[in-house]
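Engineer: Provided below for reference: sequence and predicted model.
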Amino acid sequence: MGRYGNLDYSFLTKAGFLFGLGLLLFGASGEILGHAVFGDLPAWQNTLFTYSEGVGLVISFVTPWIFGIFLPLTE
């Protein structure tokens, strides 16, 4: 048993990256389709889509570094 328990690093890396990518695609498609279909969106929807793009980008960048490189090397 490793230092951090029985973690499946390859699954966590792939799942975290795909989750971040999904958030990024949700935000980008919401912005594009929302403005194309409805014109102006309410401020809370613009904020939601913008934040989900940013958080998705950060998660998809940081997750492979944490679960793919850093944690396996520290065991």
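Structural biologist: Received it, and whenever you're ready, just let me know what you need.

Engineer: wait, Leu12 sits on Pro64?
Structural biologist: No - with contact defined as C-beta atoms under 8 Å, Leu12 does not count as touching Pro64 (9.7 Å). Every C-beta, even on glycine, is put in place using the N, C-alpha and C of the backbone.

Engineer: So His35 sits against Leu41, correct?
Structural biologist: Yes - counting by C-beta under 8 Å, Leu41 is a contact partner of His35 at 6.5 Å.

Engineer: in this protein, which residue is closest to the centre?
Structural biologist: Gly20 (1.5 Å; C-alpha atoms, centre = their mean).

Engineer: Contact partners for that one?
Structural biologist: Neighbour list for Gly20: Val55, Gly56, Leu57, Val58, Ile59, Ser60, Phe61, Thr63 [criterion: C-beta atoms under 8 Å, 6 or more residues apart in numbering].

Engineer: before we move on, what about Ala43?
Structural biologist: By C-beta under 8 Å, 6+ apart, the contact set of Ala43 is empty.

Engineer: Which pLDDT value goes with it?
Structural biologist: The model reports Ala43 with a pLDDT of 96.

Engineer: Leu7 too?
Structural biologist: Predicted confidence (pLDDT) for Leu7: 85.

Engineer: tell me the pLDDT at the nearest residue to it once chain neighbours are set aside?
Structural biologist: What sits nearest to Leu7 in space, not counting adjacent residues and going by C-beta to C-beta, 6 or more residues apart in numbering, is Leu71, at 7.1 Å. pLDDT recorded at Leu71 is 89.
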